[in-house]
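> dropping a prediction and its sequence here:
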Amino acid sequence: MSFSVLGLDAKILQAVTEAGYTEPTPIQTAAIPPIIAGHDLIGIAQTGTGKTAAFTLPILTKLAQQPPGQRRGTKVLVIAPTRELVVQIEENIRAYAKHLPLTVATVFGGVGEQPQIRALRSGTDVVVACPGRLIDLMGQRAADFSQLKYLVLDEADRMLDMGFLPSIRRVVQGLPKVRQTLMFSATLSKEIESLTHEFQRAPKVVQIGRRANPAETVTQFVYEVPKHLKPALLQHLLQDPKMEMVLVFSRMKHAADRVARQLEQKGIRTATLHSNRSQNQRLKALKDFKSGAVRVLVATDIAARGIDVDGISHVINYDFPMHVEDYIHRIGRTGRANAIGDAISFVTNEDHGELRALERFIGRGIVRKKAEGFNYTAAAPPYNPAEEERRFPRGQNQNRQQRQGQPSRSGQSRAPQHGGQPRSERSGQSNWRR
Ligand code: AMP
């Protein structure tokens, strides 16, 4: 099937051709016509399926076909959970709108407000925003959404997980009632359905693939490994030159820093991405990873949500993910847009229950593999009180004795000093939905 049969505007077709897309992905084929016809829509699609273009192309088509002389003001608001995703969506919109006279702006925290306020006040056509900062700026009356026609809630499931529902409600209260609302989510849960009732009118449902089925193109493996050998196994696997561009997931921020330090010590160029890093550091880490300046990016789930980096050869779950949805999002970082990628999960004795729950959820077993030439019988390093003190300063750790006596599950025994970081980065508590 060709893009030309979907009813898109000629200038957008031109931009799509220039982006190198030859045919629409399934979510695009299914979602574009009903959006152009004016329906509300809920799109259930895995990550990496081309869902950004699935909502952007038809909205831009409708904007391009508006009669001239429309009133100035923001026409499109896209809300997404993380700054990285907001930046990525903005980049996509700019690429698809390159032949249209439209303005695009982003709104997210961690950077100065003034440029964002100026952009909102000037009536930017398309605004892509994280909910928190948007609420702040709406409170300052910087935004004029009286002309708004299209609202997109992207990664709605993750926004619910991150506790953004009250902010989203407040934003939506400030929008015109007559509008077209599109919602995208990796999974269709009861919570998502109730969100649909709240914000949409008779939405068409477009579902690609089985519910929560991990991207078909990703080859998945499990490496069973004693917990103390995880750093050595990671370094061993990275000796393989086929591991060109590797995204490593850890559950917690300090673990991400530790893994990165260990790799750097072995001469492996590595960057980190988590919520303790400044916005500039996060953008630089992504830039270095994209350009190949670093080979490995170690990230936590929240920070990595929606990362769209072409050419990731491998995703490694250094720590087993906390939610089924996280697993699906993590492995969706490789194998994007029909490329082939490998997803490797380290599984310790403590992770077996969760691995089984995942296999039940996705409806198939994941192949177990052994790393060739790796010494699985190496002893655990001796207990080192100085290292222990450095990592868990006295008074911050209620369970020091428990860890000394019996190794605990990674992260569960820490007293978090979170200062407002996302829930899943600061707690190692497992919360699998079965
Ligand atoms: P998304 O799911 O929106 O994050 O998109 C994943 C990747 O697929 C992005 O790198 C897009 O540029 C790319 N993409 C989107 N649509 C197509 C298409 N029709 N053909 C090839 N690549 C695409």
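Perfect, I can see it now.
> for stretch 249-268, buried residues please.
249-260, 262-263, 268 (16 or more other Cβ atoms under 10 Å). For glycine as for every other residue, the C-beta is placed from the backbone atoms N, C-alpha and C.
> out of those, list just those in helices.
In this view, the buried residues of stretch 249-268 that belong to helices under DSSP state H are 253-260, 262-263.
> was I right to think residue 321 contacts residue 327?
Yes. Residue 321 lies in contact with residue 327 (Cβ atoms under 8 Å); the separation is 4.5 Å.
> these two: which is more packed in?
More crowded of residue 321 and residue 327, by other Cβ atoms under 10 Å: residue 327, with 28 against 23.
> tell me where the stretch 251-400 of the chain has helices.
Under the criterion DSSP state H, counting those that start in this stretch, helices of the stretch 251-400 of the chain are mapped to 253-265, 279-291, 301-304, 324-331, 352-362, 385-391, 400-405.
> can I get these in CSV with distance to residue 194 and mean pLDDT?
CSV is the format used below for those (distance: least, Cβ to Cβ, whole Å; pLDDT from 0 to 100):
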stretch, distance to residue 194, mean pLDDT
helix 253-265, 32, 94
helix 279-291, 32, 89
helix 301-304, 23, 72
helix 324-331, 17, 80
helix 352-362, 22, 86
helix 385-391, 42, 60
helix 400-405, 40, 41
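> and residue 222, which of those is closest to it?
Judged by Cβ to Cβ, the one of these that comes nearest to residue 222 is helix 352-362, at 6.6 Å.
> in the chain, which ranges drop under the pLDDT threshold?
The model of the chain has pLDDT under 70 over residues 47, 69, 209-217, 303-306, 335-341, 381-434.
> who in it is up against the ligand?
21, 24-25, 28, 47-53, 308, 310, 336-337 (Cβ under 6 Å from any ligand atom).
> ok, and the most crowded of those residues?
Top of those by neighbour count (other Cβ under 10 Å): residue 28, with 29 neighbours.
> next, the residue nearest to that one when sequence neighbours are not counted: secondary structure please.
Nearest non-adjacent residue to residue 28, counting by Cβ to Cβ, 6 or more residues apart in numbering: residue 54, 4.6 Å away. Classification of residue 54 by DSSP: H, G, I helix; E, B strand; the rest coil places it in helix.
> how near is residue 54 to residue 160?
21 Å (Cβ to Cβ, to the nearest Å).
> more neighbours: these two, which one.
For residue 54 versus residue 160, the count of surrounding residues by other Cβ under 10 Å is larger for residue 54: 26 against 19.
> that one and residue 30: what is the separation?
Distance of residue 54 to residue 30, given as Cβ to Cβ: 8 Å.
> shared neighbours, those two?
Contact with both residue 54 and residue 30 is made by residues residue 43, according to Cβ atoms under 8 Å, 6 or more residues apart in numbering.
> keeping just the C-alphas, turn stretch 157-173 into PDB.
This file holds the C-alpha atoms of stretch 157-173, laid out as PDB (Å, rounded to 0.1, in the frame of the first residue of the first chain):
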ATOM      1  CA  ASP A 157      -0.700   4.400  29.800                       C
ATOM      2  CA  ARG A 158       2.700   5.700  31.000                       C
ATOM      3  CA  MET A 159       1.200   9.100  31.900                       C
ATOM      4  CA  LEU A 160      -1.300   7.300  34.200                       C
ATOM      5  CA  ASP A 161       1.600   5.200  35.700                       C
ATOM      6  CA  MET A 162       3.500   8.400  36.400                       C
ATOM      7  CA  GLY A 163       0.600  10.000  38.200                       C
ATOM      8  CA  PHE A 164      -0.100  12.700  35.600                       C
ATOM      9  CA  LEU A 165      -3.900  12.100  35.500                       C
ATOM     10  CA  PRO A 166      -4.800  15.100  37.800                       C
ATOM     11  CA  SER A 167      -2.600  17.400  35.600                       C
ATOM     12  CA  ILE A 168      -4.100  16.100  32.400                       C
ATOM     13  CA  ARG A 169      -7.600  16.700  33.800                       C
ATOM     14  CA  ARG A 170      -6.700  20.300  34.600                       C
ATOM     15  CA  VAL A 171      -5.200  20.900  31.200                       C
ATOM     16  CA  VAL A 172      -8.300  19.400  29.400                       C
ATOM     17  CA  GLN A 173     -10.600  21.600  31.500                       C
END
